[in-house]
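give me a 3D structure for the following:
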Amino acid sequence: MNSARVGKAAEARARADCTTNGYQLITSQLSRGPADFLAAKAGQVLAVQVKRSLRSGGGIGPDEWNALVEFSAAFGAVPVVAICAPRKPVAYWRITGRKDGSGRRQPWEPFLLDEIEAAS
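This is a model prediction of the structure:
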């Protein structure tokens, strides 16, 4: 399976998981923006970027990371990275700050889908 198919499969898993947890989705077929999709339910909007590995912040560089933070703020959404590692449940991480490229700890924390909190 090529990397594009693997990525699409990971996105499909994250979308299905969000839908199962009661979220309504807005997706972009080309996935060219900072978020792969927006997920919403009463009181909560998420801007979700899907990655396959937890390593190094999902492999998200500072520019992509900060673009997701800014995109989320524009929609009043919580910026979230969904990690879809093979043979593991989807894990969600909320971005808590901008990335500066210094190599310090990622500004993110584990996130539960049903956790409703105002976007920062």
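
could you list the low-pLDDT ranges of this protein?
The model of the chain has pLDDT under 70 over residues 1, 30-31, 56-58, 115-120.

now the longest helix seen in it: buried residues?
Identified as the longest helix of the chain according to DSSP state H is helix 3-20. Residues of helix 3-20 classed as buried under the neighbour-count rule (16 or more other C-beta atoms under 10 Å) are G7, A10, E11, R13, A14, R15, D17, C18. Quick note: C-beta positions are derived from backbone N, CA and C, even for glycine.

strands paired with the following helix or strand past it, and their directions?
Reading on from helix 3-20 to the C-terminus, the next helix or strand found by DSSP states H and E is strand 24-27. Strand 24-27 pairs in its sheet with strand 37-41 (antiparallel), by DSSP bridges.

for the partner strand, what is the distance to the chain centroid?
Offset of strand 37-41 from its chain centre (C-alpha atoms, centre = their mean, to the nearest Å): 10 Å.

that strand to helix 3-20, inter-axis angle?
10 degrees (axes from the mean of the first three to the mean of the last three C-alpha atoms, to 10 degrees).

how about the strands in the protein?
24-27, 37-41, 44-51, 78-83, 91-95, 108-111 (DSSP state E).

of those, flag the one that's most buried.
Ranked by mean neighbour count under mean count of other C-beta atoms under 10 Å, the strands of the chain are led by strand 78-83, which reaches a mean of 25.

surely L46 touches G76?
No: here L46 does not reach G76: they are 10.8 Å apart, not a contact under C-beta atoms under 8 Å.

sorry, back to before: any chance you could list what contacts the longest helix of the chain?
Identification of contacts with helix 3-20 by C-beta atoms under 8 Å, 6 or more residues apart in numbering yields 1, 25, 27, 31, 36-37, 39, 46, 48, 50-52, 82, 84, 89-90, 113.
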